[in-house]
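Undergrad: Quick one: sequence and predicted model below, then my questions.
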Amino acid sequence: MPRPIYRVCRATYARLDGEGAKLVGGRWNSPGRSVVYMAETISLAVLENLVHMAGEDFPTGYVVVEAVVPEDIRMLTEEDLVTRFGGASQQQLGDRWIDSRASAVLEVRSTIVPLEHNYLLNPQHPGFAGIAVRPVVPFVFDDRLMRPRNPR
């Protein structure tokens, strides 16, 4: 069955070309390597954004991007990377995965919700072209997510 995956981002980063991650790097890639970070649910994508936002910043101009990974596109897991490339940091493993073009998609555990997964897409892999991207839809963060909390 095809797998839908999601990204919540500013509209300017909805292209799924990996250029944002290439500029700054991330948990699974060093600067200079293109990769697209996505999540298995919209709610996980929201949480992945929130952990990087300052409390006083209210995010505006965001969209949801849905991509559909067909069954026949090869997907590896982080366990596969350790088996294939040996022990290394997540960023080093991700760099090796990107450079090797071993698969178009990498499934990794979320550090925020360890029972859920994030998906990395490798734009340089030939299978990347087979991933269908749906039209973006606007996304508005609920203002309660940005409200300061009362200490108990």
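TA: Received the coordinates, thanks.
Undergrad: what pairs with residue 63 across the strands?
TA: Beta bridges link residue 63 to residue 9, residue 138 when assigned by DSSP bridges.
Undergrad: ok now do it, which residues does it touch?
TA: Each residue near residue 63 by CB atoms under 8 Å, 6 or more residues apart in numbering is listed here: 8, 9, 10, 11, 14, 136, 137, 138, 139. Just so you know, the C-beta spots here come from the backbone N, C-alpha and C atoms, and that holds for glycine as well.
Undergrad: Check the gap between the last one and residue 15 for me.
TA: Computed with CB to CB, to the nearest Å, the distance linking residue 139 and residue 15 is 16 Å.
Undergrad: So between these two, which is more surrounded?
TA: Comparing residue 139 with residue 15 by other CB atoms under 10 Å, the one with more neighbours is residue 139, at 20 against 15.
Undergrad: what's the pLDDT at the spatially most central residue of the chain?
TA: Residue closest to the average C-alpha location in the chain (CA atoms, centre = their mean): residue 37, at 1.8 Å. As predicted, residue 37 sits at a pLDDT of 97.
Undergrad: Using the three-state scheme, assign it.
TA: Here residue 37 is recorded as strand under DSSP: H, G, I helix; E, B strand; the rest coil.
Undergrad: so it bridges to which residues?
TA: With DSSP bridges as the rule, residue 37 is bridged to residue 120.
Undergrad: Verify the stated contact: it with residue 7.
TA: Yes - between residue 37 and residue 7 there is a contact under CB atoms under 8 Å: 7.1 Å.
Undergrad: what do the two both touch?
TA: Counting by CB under 8 Å, 6+ apart, residue 37 and residue 7 have no common neighbour.
Undergrad: Tell me, how many residues neighbour the nearest residue to residue 21 once chain neighbours are set aside?
TA: Closest residue in space to residue 21, ignoring its immediate chain neighbours: residue 35 at 4.9 Å, by CB to CB, 6 or more residues apart in numbering. By other CB under 10 Å, 23 other residues sit near residue 35.
Undergrad: and residue 35, backbone torsions?
TA: The phi/psi pair for residue 35 (degrees, to the nearest 10) reads phi -160, psi 150.
Undergrad: State which helix of this protein is the longest.
TA: helix 90-100 (DSSP state H).
Undergrad: can you pull out the strands in the chain?
TA: 3-10, 36-39, 62-69, 75-77, 105-109, 117-121, 132-133, 137-139 (DSSP state E).
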